[in-house]
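>>> Predicted model and sequence follow; I will ask about them next.
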Amino acid sequence: QVQLVESGGGSVQAGGSLRLSCVVSGSGYSFRYTSMGWFRQAPGKERDGVARISSGGDTFYVDSVKGRFTISKDNAKSTLYLQMSSLKPEDSGMYYCASHNLGATWEFKYWGQGAQVTVSS
């Protein structure tokens with residue numbers, strides 16, 4: 001079993017920055033070679049993928065965050081990060097990290113509990 005715990009959410013004004021962290025624990029896997037992703041869910045909307053990193057370290061971003069968000073992993077700390085800059089009110093929502101891609105682009109096996117991000121104009 002794998003557990004994911006997010007932190008780093010909060011409230012920020014438009015144009016500001018936040019960094020989300022996701023600590024991964026458990027057994028039976030190698031964090032270094034684990035694919036992971038960040039998702040966002042705004043109130044009343046579906047949860048959508050924002051960024052992902054493959055087991056080989058390749059990154060992908062949706063157009064709306066490209067150039068503003070950076071996904072990265074610290075293998076020594078078993079931690080996934082999402083550095084968010086130039087934040088916009090439309091970036092607000094609950095952010096979830098996920099691990100162990102199941103084959104489909106945005107389908108993952110394990111999920112964190114979420115971290116709230118609120119961007120005010």
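Thanks, I have the structure now.

>>> so what's the residue nearest the centre of the chain bridging to?
Computing the C-alpha centroid of the chain and ranking residues by CA atoms, centre = their mean puts W38 first, at 2.5 Å. With DSSP bridges as the criterion, W38 is bridged to A51, C97.

>>> For it, give me the pLDDT.
Per-residue confidence (pLDDT) for W38: 98.

>>> you'd agree it is up against S99?
No. Between W38 and S99 there is no contact under CB atoms under 8 Å: 10.8 Å. Heads up, the C-betas are built off the backbone N, CA and C, glycines and all.

>>> Just give the nearest non-adjacent residue to E107, would you?
N101 (6.7 Å; CB to CB, 6 or more residues apart in numbering).

>>> same deal with I71?
Excluding the flanking residues, the one nearest I71 by CB to CB, 6+ apart is A51, at 4.1 Å.

>>> wait, that neighbour sits on G67?
No. Counting by CB under 8 Å, A51 stays clear of G67, with 11.7 Å between them.

>>> Can you pick out the residue with more neighbours from these two?
Neighbour count, other CB atoms under 10 Å: between A51 and G67, A51 has more, with 23 against 9.

>>> Got the phi and psi for the nearest residue to W106 once chain neighbours are set aside?
Spatial nearest neighbour of W106, chain neighbours left out: G49 (4.0 Å); criterion: CB to CB, 6+ apart. The phi and psi values for G49, taken as degrees, to the nearest 10, are phi -70, psi 140.
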